[in-house]
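Enquirer: Here is my input, please return the structure:
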Amino acid sequence: MSLDKRLLEILCCPISKQPVQLLSVRQLAALNQALGENGLKYADGSALTTPLQAGLITADGKIVYRIDDGIPVMLADQAIDVRGIDGLGG
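Expert: Next comes the predicted model:
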């Protein structure tokens, strides 16, 4: 998965205003493993039910936003708190 470099340069987390970057293959695997083992929730409390194909992570490694069909879903209520998941930073 790749996003236009210019788009990545202007995208930022709507919550923290930090820049974001693409999840690495290792980070994506760690996130999807945590989803399978423990389940994950979006900020609005709804369950994340399907593994991510791609995502963006904040510079501090605390929040992930999914990418659906090449489109970043940068909504605060769709943020995924990934603190405490090994292999993701933050």
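
Enquirer: Let me see the mean pLDDT of the helix or strand containing residue 41.
Expert: For residue 41, the host element (DSSP states H and E) is strand 40-41. Strand 40-41 carries an average pLDDT of 94.

Enquirer: now stretch 7-27
Expert: Rounded mean pLDDT across stretch 7-27 is 94.

Enquirer: Repeat that for stretch 75-90.
Expert: Mean predicted lDDT for stretch 75-90 stands at 88.

Enquirer: Report the buried residues of it.
Expert: The neighbour-count check on stretch 75-90 (16 or more other C-beta atoms under 10 Å) flags 78, 79, 80, 82, 85, 88 as buried. C-beta: built from backbone N, CA, C; applies to glycine.

Enquirer: Tell me if I'm right that the fifth one and residue 35 touch.
Expert: No. Distance between residue 85 and residue 35: 9.3 Å, which falls outside the contact criterion (C-beta atoms under 8 Å).

Enquirer: Buried ones in stretch 38-53, by neighbour count?
Expert: 40, 42, 48, 52.

Enquirer: Now compare those residues and name the two farthest from each other.
Expert: 42 and 52 (11.8 Å; C-beta to C-beta).

Enquirer: okay, which residue is most central for the chain?
Expert: In the chain, the residue lying closest to the centroid (C-alpha atoms, centre = their mean) is residue 64, at 2.0 Å.

Enquirer: partner residues bridging it?
Expert: residue 57, residue 80 (DSSP bridges).

Enquirer: In the chain, what residue spans correspond to strands?
Expert: 20-22, 40-41, 47-48, 55-58, 63-68, 71-72, 80-81 (DSSP state E).

Enquirer: how about the fourth one as PDB, C-alpha atoms only?
Expert: Provided in PDB are the C-alpha atoms of strand 55-58 (Å, rounded to 0.1, in the frame of the first residue of the first chain):
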ATOM      1  CA  GLY A  55      -3.100   2.000   8.200                       C
ATOM      2  CA  LEU A  56      -1.500   5.200   9.400                       C
ATOM      3  CA  ILE A  57       0.100   5.600  12.800                       C
ATOM      4  CA  THR A  58       0.800   8.800  14.700                       C
END
